[in-house]
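Peer 1: Here is a sequence with its predicted model. Questions after.
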Amino acid sequence: MNKSAPIILLQIYTLLVLLVAGLASRLPYSAVALGLLLVMFFSLFRPLAPRPSIVLALVTIALLPLLLAPSLAYYLSDAVPLPSIILPVINAELVPTQLAAVIATLPVICLLGYSLGQNAREITPLNNATGRHFTSVPVTLFLCLLALLLVSLVTNSPLLFLISLIVVLYFLLILLRVVWPLPPRSPLNITSRHQRIIAGNTASFSLSAQNRAAVKLHYLIRPVDSWLKITPPRFSLGQAKKELNVTVTPPLSGPSRPQLKVSATDPWGFVQLNQLAEPLELEVIPRARYARWLAMRYLEETGGGTATDTGRPPEAIIIPRRGLEYSSSRSYQPGDRLKDIDWKHTLKLNQLTVKEFVETGGQAAIIAADLSVPDAEEADKLAFNLITTALTLAGNTIPAALAIFNHEKVISATAAANPDRILKQTLLLVKDITQVAFPERSLQSADLGRLRRNIAWLEKSSLPPAQRLRSLLEFELQAIRAAARNHPATTALSRVTKQVLPPAVIVLVSPLNHYAEALLLTLENLTKRRYNVLCLGEKPGLTKPQ
């Protein structure tokens, strides 16, 4: 908590006044004064939180005149009648010592205002309703002062009544100064911005904010969506402009105009204004659309065609490397290069045929994917991963095979072929991605290695509880094996691995979900056969081959 020089001087002044009251007063007044002195002294070196500081200042203002008046009674004794306008209900006379005590206490009110200002920086929003609202600070303070006024009337204390009345007038002046210049709605003006971004990607940019109020306000900005971040979230703003740093990672299903909850508090924390701002207009591009665009540009480039102008920079085009080793021949497809035509087979079969080449010594890759997804967001991620994986293999001329399945059947199980051909097949397979309502998992997928180790440890024990637990774990392992044998993922990978022998890489582009245990067991068996596994989603725990 940074303090200015005037505030430090006011604290020192308060300490001196409390010291005079503690030394010149009798018990119990001197004990109370010295207690307040110690608390105020330690707050110089270890500042209190804003709310305890408000309480300390308010207690000091209420007690200091009562503590200081007896010490001044030795020097002044003449009585001064109070005007009936100020104290109409108290029939008492205020001696000069009491009036001097009240005047000596007035600078402490500035410390109360400073504590209120520090507390205003940390006030949290009251509710989500927009518009102007009073905080709990003025309500609590006025109730406390009303209680002091009632105590002064009951105890017939003109000194306490006068100091309470002065503090009430001070708060009323603050309210008049605060409420009048505040706008009724929307205190913060944030510049609008249109941003294009691919779903799941992160973009950072800045927005300019300007305060519409005539006084300095303390702002707190909270994005409604968790994928949007604003820095700094808290700041104070007067007439100057403020640059806000925005970071967004929008999902496919996110709103195009994300909302910001803006809360503005006056310098003393009496009034709060809430507003909803929509400065951003996001154009979220699906990942699948972007990946398809990259694939089409790649196929046009490799086929010798001219890519259509889509406004993208030429650096985004992937220039492939052509394989050197002849793999096989196939029927001509639109986009194939004329130089790859196999004229011998074309004349023999009376059908246009082209040659397929692969990189010499290249290790084949198997693309495995489950086309059953729980929602549109996962469908977009899966399509992106499937197309970009095939595109990467094609750009590096690595022969590839497909092991595509869903929760019911095998969709495609191919042998290793030219990666350009595999890329074209993936562009068609993404249309088969379907949304399925799977039951939610309550437990994590089983750790097969730990399960086997637990069974081995329990076999060493002859105790009946250990044997019963071993039977349960063996039953779980057998159930996982039975599920793996009957799952389409196992069938698809078995068909492909019969045609693509190791060493080869299995690229799993879909995350582990409902079929986790079955697929983990299948992949574990394949790693023992010298297949390498690469998972683009959740990383599976696999046992390395010995």
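Peer 2: Cool, got the structure. Numbering: from 1, shown residues only.
Peer 1: Is the residue sitting nearest the centre point of the chain in a helix, a strand, or coil?
Peer 2: The centroid of the chain falls nearest to Ser226 when counting by C-alpha atoms, centre = their mean (4.3 Å). Reducing the assignment at Ser226 to three states with DSSP: H, G, I helix; E, B strand; the rest coil gives coil.
Peer 1: and the gap between it and Val248?
Peer 2: 11 Å (C-beta to C-beta, to the nearest Å). In this view, the C-beta of every residue, glycine as well, is placed from N, C-alpha and C.
Peer 1: shared neighbours, these two?
Peer 2: The overlap between the contact sets of Ser226 and Val248 (C-beta atoms under 8 Å, 6 or more residues apart in numbering) is empty.
Peer 1: Name the SS class of Leu18, please.
Peer 2: helix.
Peer 1: what's near enough to touch it?
Peer 2: Contacts of Leu18 (C-beta under 8 Å, 6+ apart): 33-34, 36-37, 40, 60, 64, 67.
Peer 1: What is the nearest of those residues to Ala403?
Peer 2: Met40 (75.8 Å; C-beta to C-beta).
Peer 1: what about the closest one, how many residues close to it?
Peer 2: Neighbours of Met40 under the rule other C-beta atoms under 10 Å: 20.
Peer 1: How about Leu66?
Peer 2: By other C-beta under 10 Å, neighbour count at Leu66 equals 20.
Peer 1: remind me which residues of the protein are low pLDDT?
Peer 2: Where the chain drops to pLDDT under 70, the residues are 1-3, 71-95, 126-128, 184, 303-328, 334-335, 357-362, 439-446, 514-515, 537-546.
Peer 1: mind giving me the domain split of it?
Peer 2: In terms of domains, the chain is parsed into 5-125+135-179, 188-285, 365-438+448-535 (source: automatic domain parsing).
Peer 1: Dump these into a markdown table; add distance to Arg292 as well.
Peer 2: Formatted as a markdown table, the domains of the chain follow (distance: least, C-beta to C-beta, whole Å):
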| stretch | distance to Arg292 |
| --- | --- |
| domain 5-125+135-179 | 43 |
| domain 188-285 | 11 |
| domain 365-438+448-535 | 6 |
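Peer 1: Name the stretch among these that sits most buried.
Peer 2: Scoring the domains of the chain by mean neighbour count under mean count of other C-beta atoms under 10 Å gives domain 365-438+448-535 as the most buried, with a mean of 18.
Peer 1: what about it, start to end distance?
Peer 2: Across its full length, domain 365-438+448-535 reaches 13 Å between end residues, using C-alpha to C-alpha, to the nearest Å.
Peer 1: what do you get for stretch 266-281?
Peer 2: Start-to-end span of stretch 266-281 (C-alpha to C-alpha) is 30 Å.
Peer 1: Run the chain-centre distance for it.
Peer 2: Relative to its parent chain, stretch 266-281 has a centroid offset of 20 Å by C-alpha atoms, centre = their mean, to the nearest Å.
Peer 1: Could you pull up the residues touching the residue nearest to the centre of the chain?
Peer 2: Ser226 touches nothing, counting by C-beta under 8 Å, 6+ apart.
Peer 1: And it, its phi and psi?
Peer 2: phi -70, psi -20 (degrees, to the nearest 10).
Peer 1: ok, now how distant is it from Pro250?
Peer 2: With distances taken as C-beta to C-beta, Ser226 is found 11 Å from Pro250.
Peer 1: helices or strands next to the host helix or strand of Leu141 in the packing?
Peer 2: Assignment of secondary structure by DSSP states H and E places Leu141 within helix 136-154. For helix 136-154, the elements it packs on are helix 50-72, helix 108-120, helix 158-179, judged by 3 or more C-beta pairs under 8 Å, 6 or more residues apart in numbering; DSSP states H and E.
Peer 1: Of all those helices, which one is nearest Ile455?
Peer 2: Of all those, helix 50-72 sits nearest to Ile455, with 59.0 Å by C-beta to C-beta.
Peer 1: now the helices and strands packed on helix 136-154 in CSV, with distance to Trp293?
Peer 2: Converted to CSV, these look like this (distance: least, C-beta to C-beta, whole Å):
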stretch, distance to Trp293
helix 50-72, 55
helix 108-120, 51
helix 158-179, 55
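Peer 1: Please enumerate the strands of the stretch 151-300 of the chain.
Peer 2: 188-190, 193-198, 203-211, 217-223, 228-231, 234-237, 241-248, 260-265, 271-277, 280-285 (DSSP state E, counting those that start in this stretch).
Peer 1: ok so, going back, could you measure from the residue nearest to the centre of the chain over to Gln435?
Peer 2: For Ser226, the distance to Gln435 - C-beta to C-beta - is 23 Å.
Peer 1: outside of stretch 50-61, which residues touch it?
Peer 2: By C-beta under 8 Å, 6+ apart, stretch 50-61 touches 14, 18, 36, 39-40, 43, 47-48, 105, 108-109, 111-112, 115-116, 118-119, 121-122, 137, 141, 144, 163, 167.
Peer 1: at 6 Å what do you get?
Peer 2: When contacts are defined by C-beta atoms under 6 Å, 6 or more residues apart in numbering, stretch 50-61 is touched by residues 36, 105, 108, 111-112, 115, 118-119.
Peer 1: picking that back up, I'd like to check the angle between the helix holding Leu141 and helix 108-120, please.
Peer 2: 150 degrees (axes from the mean of the first three to the mean of the last three C-alpha atoms, to 10 degrees).
Peer 1: ok now helix 136-154, how far from the chain's centre?
Peer 2: 42 Å.
Peer 1: Return the alpha-carbon coordinates of that helix using CSV.
Peer 2: Once non-C-alpha atoms are left out, helix 136-154 reads as follows in CSV (Å, rounded to 0.1, in the frame of the first residue of the first chain):
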residue,chain,number,x,y,z
SER,A,136,-22.3,-1.9,1.6
VAL,A,137,-19.8,0.8,2.6
PRO,A,138,-22.1,3.8,2.9
VAL,A,139,-24.9,1.8,4.4
THR,A,140,-22.6,0.4,7.1
LEU,A,141,-21.0,3.8,7.9
PHE,A,142,-24.3,5.6,8.2
LEU,A,143,-25.6,2.9,10.5
CYS,A,144,-22.5,3.2,12.7
LEU,A,145,-22.8,7.0,12.8
LEU,A,146,-26.5,6.8,13.5
ALA,A,147,-25.7,4.5,16.5
LEU,A,148,-23.2,7.1,17.7
LEU,A,149,-25.7,9.8,17.5
LEU,A,150,-28.2,7.8,19.5
VAL,A,151,-25.6,7.0,22.1
SER,A,152,-24.7,10.7,22.3
LEU,A,153,-28.4,11.5,22.9
VAL,A,154,-28.8,8.8,25.5
